[in-house]
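> Requesting a structural model of the entry that follows:
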Amino acid sequence: MMIILNTLIFTATFILMEVLAWFSHKYILHGVLWSVHKSHHSPRHGWFELNDVVSLLYGIVAAPLIYYGVQLEHWMLWVGIGITVYGVVYFIFHDIIIHRRIKIKYRFQHPYIKRLIRAHKIHHKHQEKEDSEAFGFLYAAKKYEQTMKRGVTIER
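Just a heads-up that it's a prediction; the model follows:
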């Protein structure tokens with residue numbers, strides 16, 4: 001029974017992290033923390049940008065949850081692991097696949113990944129905090145999908 005409960009806690013945390021990431025991206029990073037986040041919308045000089053500090057905040061929350069969850073054999077362990085796994089998946093999708101901060105030559109063909117990339121490119125079309133759209137990281141609405149019809153790309 002504990003395995004099921006822990007799996008549910010982990011899964012709910014992972015999903016809620018996408019909701020929290022969307023909300024904080026739209027209302028906090030493109031709001032009061034724009035001075036930090038604007039580094040992500042500007043050309044990067046070097047490997048790091050000021051916006052990377054935001055990811056550390058999630059680690060600061062996850063680390064004590066994991067530590068005390070292990071010490072106390074408590075459900076907070078699974079919340080901490082959910083936050084951490086979301087962070088790893090975010091890094092893979094956002095920093096490696098979309099922004100290519102680690103150079104890979106593979107060209108993704110899966111419709112889901114192509115939709116994520118397209119939504120993120122549309123998000124970055126605006127260099128200022130206003131007028132942006134597509135604030136999610138692991139979810140992109142169907143409207144960002146491109147379809148092929150007789151060899152012609154059709155925008156949705």
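> Which strand or helix spans Thr13?
Assigned by DSSP states H and E, Thr13 falls within helix 2-23.
> That should have said Gly69, apologies.
helix 52-72.
> quick one: that helix to helix 2-23, angle?
160 degrees (axes from the mean of the first three to the mean of the last three Cα atoms, to 10 degrees).
> Quick one, grab the pLDDT at the residue nearest to the spatial centre of the chain.
In the chain, the residue lying closest to the centroid (Cα atoms, centre = their mean) is Phe137, at 3.4 Å. Among the per-residue scores, Phe137 shows a pLDDT of 87.
> same thing with Ile81?
pLDDT, read off for Ile81, is 98.
> if I look at it, how far off is Ile9?
Distance from Ile81 to Ile9, counting by Cβ to Cβ, to the nearest Å: 9 Å. (Glycine included, C-beta is placed from N, CA and C.)
> now do His123
Counting by Cβ to Cβ, the gap from His123 to Ile9 is 30 Å.
> out of the two, which sits in the more crowded spot?
Higher neighbour count among His123 and Ile9: His123, with 20 against 17, using other Cβ atoms under 10 Å.
> isn't the more buried one right up against Asp131?
No: counting by Cβ atoms under 8 Å, His123 does not reach Asp131; the two are 10.4 Å apart.
> Out of the helices and strands in the protein, which is least certain?
strand 152-155 (a mean of 47; mean pLDDT, DSSP states H and E).
> For this structure, give me the ranges with low pLDDT.
147-156 (pLDDT under 70).
> run the last query once more with 50
148-152, 154-156 (pLDDT under 50).
> Pull out the buried residues from the host helix or strand of Tyr112.
Using DSSP H and E, Tyr112 maps to helix 111-123. Residues of helix 111-123 classed as buried: Lys114, Arg115, Leu116, Ile117, Arg118, Ala119, His120, His123 (neighbour count, 16 or more other Cβ atoms under 10 Å).
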